[in-house]
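Colleague: Output the structure for:
(one chain, ligands or ions: 2)
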Amino acid sequence: MFTKNKADIWSDFLIYIQERCSAAEFQNWIAPIQVAESNGDELVLKVPNIFVQEYLLANYKKDLAGFIPVKTNGSLALTFVISEEVRKQPVQEEAPPAQDNLKLNPHYTFENFIEGASNQFVKSAALGVASHPGKSYNPLFIHGGVGLGKTHLLHAIGHYVREHHKKLKIHCITTEGFINDIVDNLKNKSMDRMKRFYRSLDILLVDDIQFLQSRLNFEDEFCNTFESLINQNKQIVITSDKPPSQLKLSERLVARMEWGLVAHVGTPDIETRVAILQHKAELRGIRLPHKVAFFIAEHIFNNVRQLEGAINRLSAFSRHLGKEVTEEVVENTLGELLQHNPQKKVSVDNILHCVGTLFEVRVSDLRGTSRLKTVAFPRQVAMYLAKELMTDPLMKLASAFGGKTHSTLIHAWKKVSQQLLSDENLRNQIEIARRNLEE
Ligand code: ADP
Ligand code: MG
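Modeller: Ligands and ions are numbered 1, 2, ... in the order given. All right, here's what the predicted structure looks like:
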């Protein structure tokens, strides 16, 4: 039945699959599989545990059929054996103290985190949790887009706790890391030890929980760890690119994650972007005139990581050439990093017309001062849209709403952001408005 050497078949399959899965996936799940010696008419694969076997079949059965002959009964000519070598591997002694494993980025501290309207709330929640672990919000769930400071805040909590609560046992891990931990411990038959370790923590920081989606086996283990810690009032902090309700995770876990405080990190407004640029420039010892910082902030608006990239490039440039950083230098060195013609130019007038139509309210009422709910709420939605879609300073935006203050605008933005988390109807309305305004 086999026309080709079995080892060759497997290496062909490896080449094929390597291009179709992530490096981490390959490393964790595929690489540990070996071809066992056999004379029969089946390919025998040696796997470190049953999970690897299930993983392979659940994800790649169809692909395998392209490489391995199919028997007359329709099943693949493939069997598995659990590797004895792995079974016999000595179980390691007690895990080293958690503190030594804390892989925190030394720059990600509260001191280095620049505050603005988009992140004030989440920063104060993070600081609250770091000051009184297990006693304020539990869990604290931080969500927001890429490069907006979620990991930074998570590590800041870690640094703070390490400094101020030396006795507390803290562990900071990415979701990938947690999954790898489970895989390793399954391999070493040391799940009990791993469970003991996680359940003995005072604070668990978990980054990027979205990677737990569709990893069913691991979700259960995570949920159990989570419940055990929360039940003992041990602090948990989780970050994610989406709010809990939008994660494809079990209802049980989603409900648990909503138990405490769900806080959003938004895109920073232009003043905050300028402040971040100046802070980063200062750290790297380059002089960045305010006008130039403003120019960069106007053209890079949706990701703090890119702002940082801009400063890194400018710093290399000014170090090599010893030149003053001017707008011209910025345009020449940053080139494609700068986003020209950001969106269609959205104005407060456009927003008011759009919201007026959507909620059937007159534009003059939206600009006015009526507190009737049918007017006040659409007005808050308009303010929310202005802050989200426009890059003008907040003061200027607020006054375009008929002389409102900057804090009224922020209040409106917070209120609508909060309501968006649970109100699907509102989410749809805002999506429609956004599309209308930007296209
Ligand atoms: P995320 O985890 O949300 O994708 P990160 O926390 O990795 O984003 O942040 C990306 C980069 O931007 C990091 O270098 C971080 O230090 C920086 N950064 C993000 N927000 C801020 C802020 N408010 N102040 C200073 N630096 C920030
Ligand atoms: Mg991150």
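Colleague: quick one: the helices in the stretch 251-400 of the chain?
Modeller: For the stretch 251-400 of the chain, the helices defined by DSSP state H, counting those that start in this stretch occupy 251-257, 270-283, 290-299, 304-321, 327-334, 348-359, 363-367, 373-389, 394-400.
Colleague: Would the second one count as contacting ligand 1?
Modeller: Yes - Helix 270-283 lies in contact with ligand 1 when judged by CB under 6 Å from any ligand atom; the contacting residues are residue 276. (C-beta placed from N, C-alpha, C; glycine too.)
Colleague: could you check the angle helix 290-299 makes with that helix?
Modeller: Here helix 270-283 runs at an angle of 120 degrees relative to helix 290-299 (axes from the mean of the first three to the mean of the last three CA atoms, to 10 degrees).
Colleague: what comes up buried for helix 270-283?
Modeller: 270, 272, 273, 274, 275, 276, 277, 278, 279, 280, 281 (16 or more other CB atoms under 10 Å).
Colleague: Quick one: list the elements packing against that helix.
Modeller: Secondary-structure packing of helix 270-283 (3 or more CB pairs under 8 Å, 6 or more residues apart in numbering; DSSP states H and E): helix 290-299, helix 304-321.
Colleague: Tabulate the CA atom coordinates of stretch 377-384 in CSV.
Modeller: Output of stretch 377-384 as CSV, limited to C-alpha atoms (Å, rounded to 0.1, in the frame of the first residue of the first chain):
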residue,chain,number,x,y,z
PHE,A,377,-28.5,61.1,24.2
PRO,A,378,-28.1,61.7,20.4
ARG,A,379,-26.0,64.8,21.3
GLN,A,380,-23.7,62.5,23.4
VAL,A,381,-23.5,60.1,20.4
ALA,A,382,-22.4,63.0,18.2
MET,A,383,-19.8,64.0,20.7
TYR,A,384,-18.6,60.4,20.9
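Colleague: what's the spacing between that stretch and its chain's center?
Modeller: 28 Å (CA atoms, centre = their mean, to the nearest Å).
Colleague: Mind listing residues that contact that stretch?
Modeller: Contact partners of stretch 377-384, identified using CB atoms under 8 Å, 6 or more residues apart in numbering, comprise 348, 351-352, 355-356, 358-359, 361, 366, 397, 401, 404, 408-409, 412-413, 415-417, 426, 429-430, 433.
Colleague: Would you convert the helices of the stretch 251-400 of the chain into CSV that also reports distance to residue 82?
Modeller: Shown next, in CSV, are those (distance: least, CB to CB, whole Å):
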stretch, distance to residue 82
helix 251-257, 30
helix 270-283, 51
helix 290-299, 57
helix 304-321, 43
helix 327-334, 55
helix 348-359, 60
helix 363-367, 68
helix 373-389, 54
helix 394-400, 62
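Colleague: Can you pull the residues of the protein lying near ligand 1?
Modeller: 108, 112-114, 119, 146-152, 276, 304-305, 308.
Colleague: Drop anything exposed from the residues you listed.
Modeller: Among the residues of the chain next to ligand 1, those buried by neighbour count (16+ other CB under 10 Å) are 108, 112-114, 119, 147-152, 276, 304, 308.
Colleague: Looking at those residues, spot the one nearest residue 41.
Modeller: Proximity to residue 41 was ranked across those by CB to CB; first place goes to residue 151, at 51.2 Å.
Colleague: what's the neighbour count on the residue nearest to residue 362 when sequence neighbours are not counted?
Modeller: Once flanking residues are discounted, residue 362 sits nearest to residue 356: 6.3 Å by CB to CB, 6 or more residues apart in numbering. Counted with other CB atoms under 10 Å, residues neighbouring residue 356 total 18.
Colleague: Isn't residue 356 up against residue 366?
Modeller: Yes - contact status for residue 356 versus residue 366: in contact at 6.0 Å, counting by CB atoms under 8 Å.
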